[in-house]
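Q: got a predicted structure here, sequence first:
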There are 2 protein chains.
Amino acid sequence: MEQIERIKTYLLNLQEKICTELECFEPEQRFEQDAWERDSGGGGLTRVLANGETFEQAGVNFSHVYGNNMPAPATAQRPELADCRFNALGVSLVIHPRNPYVPTSHANVRFFVAEKENYPPVWWFGGGFDLTPYYPFADDVVDWHRSARDACRPFGEDVYLRFKQWCDEYFYLKHRDETRGVGGLFFDDLNEWGFERSFEFMQSVGDHFCKAYIPIVKRRRDTDYSQRERDFQLYRRGRYVEFNLLYDRGTMFGLQSGGRTESILMSLPPVVNWRYQWQPQPGSAEYALYEHYLKPRDWLNDSL
Amino acid sequence: MEQIERIKTYLLNLQEKICTELECFEPEQRFEQDAWERDSGGGGLTRVLANGETFEQAGVNFSHVYGNNMPAPATAQRPELADCRFNALGVSLVIHPRNPYVPTSHANVRFFVAEKENYPPVWWFGGGFDLTPYYPFADDVVDWHRSARDACRPFGEDVYLRFKQWCDEYFYLKHRDETRGVGGLFFDDLNEWGFERSFEFMQSVGDHFCKAYIPIVKRRRDTDYSQRERDFQLYRRGRYVEFNLLYDRGTMFGLQSGGRTESILMSLPPVVNWRYQWQPQPGSAEYALYEHYLKPRDWLNDSL
């Protein structure tokens, strides 16, 4: 399928471009890469930068898996796809900065298609990006959402709001009654615009990630911090782990479908703390995160 | 129901006894306790000792939740229980020692009953205990399994083997192809022996936990260790988090049924590391853990 090659080319270029932009912050550390193959078809290229000055860990994964039988978890909601040939391609990244004033960020763009003789192919695009600050700045969050809106604007006036809301709903920790962070964009099952326009949208989201994230890293990476901020960062990273292992569909689909465990779990932070019953002091900087940022908010019209 | 009171009395005494035995290792730190209530019925008593000399974190929870409607996740497999009154009682504990030569341990005993007018009550006992070493000693593992066998012996010759195998199957990380540790006992849905004998068995398992674990803590707590062992312990704790959030039914049931999040997630270790693609050097002490211990083995007849 010629479209798959076009998407693959875009995704590999995106991976390369993001890694290059992130490496600019690192005097020494570079992305290592591991090419891997999946037993039942396809594989991927995992790129991880560990122990950087700015990035404690950054993982940017490309994968393209395919086969003649969909993995069981993927067909639970769509039994008609069980005996289809399928292709699933995507780039997924998670960045855990060292400085607690630089937010963690995640982005993903993906394409899925299932085919069966005598039936039209079933396909969709998905993706998005979201931001998880520890010590947030309202300006950063507004800028992040402006970039998200810019990515959506050519596709319709309501697109940003629709996928921004979906992001708030998706990255929600029910057992904590907290959003994972301040959101951004999330979309899935996108095919209503037709192939070309949907593909363009996926590219727009992919291309806007660096525009959204890099300026925030530049602004905050040299902020002074003490053990107190580091402790809070490590504690809050526990929430990231909880979300990814309890709720994240990509993680679950990946692990259950025989994806490469180390590539999937590169999303988990290198150092994490849990503290029983820890709560922020009212009025503190840590409290402000909970009070103002970990609930859905219309950042572009109703900022702090 | 008079039986519930008898079980509750046993469980609260067990919690008290275990906390007292663990506190003997601590010159200063004591268990803090939090009594909590569940909105839709029942509550619990959470006891946590943090930052001890021997125990970096030890949590011993009692809970008794009840209500007129079973939480949805519990009835997925048993829809006939959906409109029943239910009671669920248990003690669950997880101990994360500081010294990497002392294994982490987990134990749980629980009772469940659902009742509906004009039907006989549906009830069962469950529980077990399992050990997760970092730098294992074969003697410790054999002793641990001897205690498990002792707990089972009065109930039949095949009981230990049956519940030992169930433990190996349950505490298995499919995405790593590793057992969580060296196992022990796991049982669930136990009612075939009738109430009295099943209750006795649950008590035998509960009572044998300290007999199994305390001698190992005594033997290993003063072992010298360096940063290397500490690093490996923190890395392996990541597997504990992966198991509890990806697979553990108690964790999932608790979080989905509106249990108290902080009490459920006290099972997560206080400090955890993940390292992309880390692997032990062949021939090293760390390698021995993977090679000899993280796969099911008949410890009492076929030890190292």
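A: That came in fine, so what should we check first? Source: prediction; values computed, not measured.
Q: buried sites along the host helix or strand of residue A:17?
A: In this structure, residue A:17 is located in helix A:2-23 according to DSSP states H and E. Buried residues in helix A:2-23, counted by 16 or more other Cβ atoms under 10 Å in any protein chain shown: A:7, A:10-11, A:14-15, A:18-19, A:22-23. To be clear about C-beta, it is placed using only N, CA and C from the backbone, and glycine gets the same treatment.
Q: spell out which parts of the stretch 201-304 of chain A neighbour chain B.
A: Residues of the stretch 201-304 of chain A lying close to chain B by Cβ under 8 Å from any Cβ of the partner chain are A:238, A:241-242, A:245-246, A:252, A:255, A:261-262, A:264-266, A:268-277.
Q: if you set the cut-off to 7 Å instead, what comes out?
A: For the stretch 201-304 of chain A, the residues in contact with chain B under the definition Cβ under 7 Å from any Cβ of the partner chain are A:241-242, A:245-246, A:255, A:261-262, A:265-266, A:268-277.
Q: so which of the residues you listed belong to helices?
A: When DSSP state H is applied, those are split such that A:241-242, A:245-246, A:255, A:261-262 fall in helices.
Q: ok, now which ones touch the closest residue to residue A:114 other than its chain neighbours?
A: Using Cβ to Cβ, 6 or more residues apart in numbering or on different chains and skipping the chain neighbours, the partner closest in space to residue A:114 is residue A:84 (3.9 Å). The contact partners of residue A:84, by Cβ atoms under 7 Å, 6 or more residues apart in numbering or on different chains, come to A:70, A:114-116.
Q: quick check: residue A:287 is in a strand.
A: No: with DSSP: H, G, I helix; E, B strand; the rest coil as the criterion, residue A:287 is located in helix rather than a strand.
Q: tell me who's in contact with it.
A: With the criterion set at Cβ under 7 Å, 6+ apart, residue A:287 makes contact with A:280-281.
Q: just the pLDDT for it.
A: Model confidence at residue A:287, given as pLDDT, is 98.
Q: neighbours of the nearest residue to residue A:71 once chain neighbours are set aside, how many?
A: Counting by Cβ to Cβ, 6+ apart, the nearest residue to residue A:71 once its immediate chain neighbours are dropped is residue A:257, at 3.3 Å. Here the neighbour count serves as a burial measure; for residue A:257 (other Cβ atoms under 10 Å in any protein chain shown) it reads 18.
Q: do I have it right that residue A:257 meets residue A:70?
A: No: counting by Cβ atoms under 7 Å, residue A:257 sits too far from residue A:70 to count as a contact (8.5 Å).
Q: contacting residues around the residue in the stretch 151-300 of chain A that chain B sits nearest to?
A: Residue of the stretch 151-300 of chain A nearest chain B, by Cβ to the nearest Cβ: residue A:245 (3.6 Å). By Cβ under 7 Å, 6+ apart, the contact set of residue A:245 is A:251, B:242, B:245-246.
Q: what sits up against stretch A:252-264?
A: Contacts with stretch A:252-264, where a contact means Cβ under 7 Å, 6+ apart, come from A:36, A:38-40, A:44, A:46, A:61, A:71, A:73-74, A:251, B:175-176, B:276-277.
Q: going along the chain, name the strands of the stretch 201-304 of chain A.
A: Applying DSSP state E, counting those that start in this stretch to the stretch 201-304 of chain A gives strands spanning A:271-273.
Q: where in it is pLDDT low?
A: Residue ranges of the stretch 201-304 of chain A with pLDDT under 70: A:303-304.
Q: repeat that with 80
A: The stretch 201-304 of chain A contains residues with pLDDT under 80 at A:257-258, A:303-304.
Q: try the stretch 1-150 of chain A
A: The stretch 1-150 of chain A contains residues with pLDDT under 80 at A:1, A:69-82.
Q: sec struct for whichever residue of it sits closest to chain B, please.
A: Nearest to chain B, among the residues of the stretch 1-150 of chain A, is residue A:48, at 4.8 Å (Cβ to the nearest Cβ). The local conformation at residue A:48, judged by three-state DSSP, is strand.
Q: and residue A:92, by the same measure?
A: Taking three-state DSSP, the label given to residue A:92 is strand.
Q: picking that back up, what packs against the helix holding residue A:17?
A: Contact here means 3 or more Cβ pairs under 7 Å, 6 or more residues apart in numbering or on different chains; DSSP states H and E; on that basis helix A:2-23 packs against strand A:42-50, strand A:55-67, strand A:85-97, helix A:195-220.
Q: how far away is residue A:290 from residue A:84?
A: Distance, residue A:290 to residue A:84, by Cβ to Cβ, to the nearest Å: 44 Å.
Q: apologies, that question was intended for residue A:267.
A: For residue A:267, the distance to residue A:84 equals 28 Å [Cβ to Cβ].
Q: do the same with residue A:302
A: 44 Å.
Q: returning to that earlier point: which among the contacts of residue A:84 gets closest to residue A:294?
A: Relative to residue A:294, the closest of the contacts of residue A:84 is residue A:70; by Cβ to Cβ it sits at 35.6 Å.
Q: got the contact list for the closest one?
A: Applying Cβ under 7 Å, 6+ apart as the definition, the contact partners of residue A:70 turn out to be A:81-82, A:84, A:86, A:114.
Q: neighbour-wise, which of these leads?
A: Ranked by the number of neighbours (other Cβ under 10 Å), these place residue A:86 first, at 24 neighbours.
Q: just give the nearest non-adjacent residue to that one, would you?
A: Of all residues beyond its chain neighbours, the one nearest residue A:86 is residue A:114 (4.6 Å), with distances taken as Cβ to Cβ, 6+ apart.
Q: and the residue nearest to residue A:32 when sequence neighbours are not counted, how many residues sit next to it?
A: Using Cβ to Cβ, 6+ apart and skipping residues adjacent in sequence, the residue nearest residue A:32 is residue A:48, 5.8 Å away. When neighbours are counted by other Cβ under 10 Å, residue A:48 registers 19.
Q: could you do the one 3 residues further on as well?
A: The burial metric for residue A:51, expressed as a neighbour count using other Cβ under 10 Å, is 13.
Q: do residue A:300 as well
A: 15.
Q: quick check: which element contains the nearest residue to it once chain neighbours are set aside?
A: By the measure of Cβ to Cβ, 6+ apart, the closest residue to residue A:300 outside its immediate chain neighbours is residue A:145, 5.5 Å from it. In this structure, residue A:145 sits in helix A:138-152 according to DSSP H and E.
Q: buried residues in that helix?
A: Of the residues in helix A:138-152, those buried by neighbour count under the rule 16+ other Cβ under 10 Å are A:140-141, A:143-145, A:147-149, A:151-152.
Q: stretch A:27-41 now?
A: Buried residues in stretch A:27-41, counting neighbours by 16+ other Cβ under 10 Å, are found at A:29, A:31, A:38.
Q: which of those are close to chain B?
A: Within the set of the buried residues of stretch A:27-41, contact with chain B (Cβ under 7 Å from any Cβ) is found for no member.
Q: possible to save those residues as TSV with secondary structure and distance to residue A:215?
A: Output for the buried residues of stretch A:27-41, formatted as TSV (DSSP: H, G, I helix; E, B strand; the rest coil; distance: Cβ to Cβ, whole Å):
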residue	secondary structure	distance to residue A:215
A:29	coil	21
A:31	coil	21
A:38	coil	36
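Q: kindly reformat those residues as JSON lines containing distance to residue A:53.
A: JSON lines is the format used below for the buried residues of stretch A:27-41 (distance: Cβ to Cβ, whole Å):
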{"residue": "A:29", "distance to residue A:53": "7"}
{"residue": "A:31", "distance to residue A:53": "14"}
{"residue": "A:38", "distance to residue A:53": "34"}
